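Asker: requesting a structural model of the entry that follows:
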Amino acid sequence: MTDLYDIRVLALDVPRRYVQLRAIVVYYDTDPPYADLPDDPSFFFRLLTDTAQQGTPLGDLITREEIHDEDWVDANTRWFVERVERVATRNHPFTDEDHERMCELSGRTRKGGLHREDLHMSADYDVVVTDPRWIEHLQFGDYWSTAGYPTHADQIRAGEGADVPDLRTTATVLALFGDGEDHMLAFSDDGRYLAACGKDGELVIVDATDWHERLRVHPEGYFAPMPMWVPGQHVINLHDCIKDTLPQLCYDVVSGSGTQAPAQVGVVRSATGRYRVDLDHGTFITVHDDAGAKRTIPVGDPELEDGVNTVRSVAFTADERLMFAARGATHPWRRRGGSPGRAVRPRTDRDEGRLHTPRAASAEV
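Answerer: Numbers count the residues shown, from 1 in each chain. Predicted coordinates for the structure are as follows:
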């Protein structure tokens, strides 16, 4: 691969998780305004792995296949790079005159450095990592060339990292049905229990504190089973989302026996059950409220072939003000009183921590 930058370690404080790096542009074989200076954290994640050999914490953790997978890097940079700040810039923007002078006077030394680093476009960066281990393989004065480049790393707004789960570590593996098929899952409102439905209607409840099985029932005839917890209770409702003539079944998880509970409408509900969504695979979503009102909301471009799957792709925020639906994009709707919805275009600035997806749209409902 072609080297794009030379990198120098200017300062290093491992206990403070801090390193200052200089990135020097060495590849200019592009049209003006030539190469640009990187700022995305993904670039600095790639830099950290450049010299992390086997036997170092980062070298043992990250594979070559992973670091060459752009999607993987963008999704996982946040677990390694906390923040990046450009603190100095040189020869930027780079002009045609700068390029001519650099080509005339600069070049490589026998040791691989640059004869005239001062003629190149470069920048210095303060980089803070999430763990001292990620930079313990570096030393002050380290210098290397890299083919690394910036992409678009997912970023978390300051102060919100604790609310974003780390899904790299598997808590447990549950083989509840043994058929390898996808299943319907639903956590109780307090997260204590997990309900899972097999494709032929079998229902299993697992205690999420230690993952032991609390309940298993197998009613006949429920071939499109939908588990839904009764709001605020450890009572699970099972209904068939296609055959609405079948009775809804309710089970008390604590006692392990059948019980009576209010019928549960729809396939997805908000936290208190104030809003519910019908089964749909098309370009509209039907939303019910607790007053009995019903409205139909369009989702995305009606010309697209794929439709929204409300079972898998609709969710409400805990305060019930926002509903999110995914259909090739993520479409947020804001609830304001009982007013009808109107489509608006949201901001998609990644620095604001908003969703950055194509065809995004939002509505007030």
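
Asker: CA only for contacts and neighbour counts going forward, please
Answerer: Fine.

Asker: show me the helices in the protein, by range?
Answerer: 41-50, 57-61, 64-67, 70-76, 96-105, 310-313 (DSSP state H).

Asker: could you give me the average pLDDT of the last one?
Answerer: It stands for helix 310-313. On average, the pLDDT along helix 310-313 is 73.

Asker: list the buried ones in that helix?
Answerer: Buried residues in helix 310-313, defined by neighbour count with 16 or more other C-alpha atoms under 10 Å: 310-311.

Asker: what packs against it?
Answerer: Applying 3 or more C-alpha pairs under 8 Å, 6 or more residues apart in numbering; DSSP states H and E, we find helix 310-313 packed against strand 322-326.

Asker: nearest to residue 135, out of the helices of the chain?
Answerer: helix 41-50 (7.0 Å; C-alpha to C-alpha).

Asker: any chance you could list what contacts that closest one?
Answerer: Contact with helix 41-50 is made by 58-59, 62, 67, 73-74, 77-78, 80-81, 83-84, 127, 134-135, 146, 148-153, as judged by C-alpha atoms under 8 Å, 6 or more residues apart in numbering.

Asker: now which of these would you call buried?
Answerer: The neighbour count (16+ other C-alpha under 10 Å) marks 58-59, 67, 73-74, 77-78, 80-81, 83-84, 127, 134-135, 146, 148-153 as buried among the contacts of helix 41-50.

Asker: strands - which of the residues you listed land there?
Answerer: Among the buried ones among the contacts of helix 41-50, DSSP state E puts 81, 83-84, 127, 146 in strands.

Asker: which of those residues sit farthest apart?
Answerer: 83 and 146 (20.5 Å).

Asker: bridging residues for the closest residue to residue 140 other than its chain neighbours?
Answerer: With C-alpha to C-alpha, 6 or more residues apart in numbering as the criterion, residue 140 has its nearest non-adjacent residue at 5.5 Å, and that residue is residue 9. Beta bridges link residue 9 to residue 21, judged by DSSP bridges.

Asker: against residue 124, how distant is residue 9?
Answerer: According to C-alpha to C-alpha, to the nearest Å, residue 9 stands 10 Å off from residue 124.

Asker: run through the stretch 101-250 of the chain and note the low-pLDDT ranges.
Answerer: Of all residues in the stretch 101-250 of the chain, those with pLDDT under 70 make up the ranges 104-106, 109-111, 158, 161-162, 165-169, 179-182.

Asker: spatially speaking, which residue is in the middle of this structure?
Answerer: Nearest to the mean C-alpha position of the chain, counting by C-alpha atoms, centre = their mean, stands residue 75 at 6.3 Å.

Asker: need the pLDDT of residue 365.
Answerer: At residue 365, the predicted lDDT confidence score is 36.

Asker: and stretch 40-59, C-alpha only, in CSV?
Answerer: Extracted C-alpha coordinates of stretch 40-59, given in CSV (Å, rounded to 0.1, in the frame of the first residue of the first chain):
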residue,chain,number,x,y,z
ASP,A,40,-11.3,11.7,12.4
PRO,A,41,-10.5,9.5,15.4
SER,A,42,-10.6,6.4,13.1
PHE,A,43,-7.3,7.6,11.6
PHE,A,44,-5.6,7.7,15.0
PHE,A,45,-6.9,4.3,15.9
ARG,A,46,-5.3,3.0,12.8
LEU,A,47,-2.0,4.7,13.7
LEU,A,48,-2.0,3.1,17.2
THR,A,49,-2.2,-0.4,15.6
ASP,A,50,0.6,0.4,13.0
THR,A,51,3.4,-0.4,15.5
ALA,A,52,1.5,-2.6,18.0
GLN,A,53,3.2,-6.0,17.6
GLN,A,54,2.1,-9.3,18.9
GLY,A,55,2.9,-9.4,22.6
THR,A,56,1.5,-5.9,23.2
PRO,A,57,-2.0,-5.4,24.6
LEU,A,58,-3.3,-3.7,21.4
GLY,A,59,-1.4,-6.1,19.1
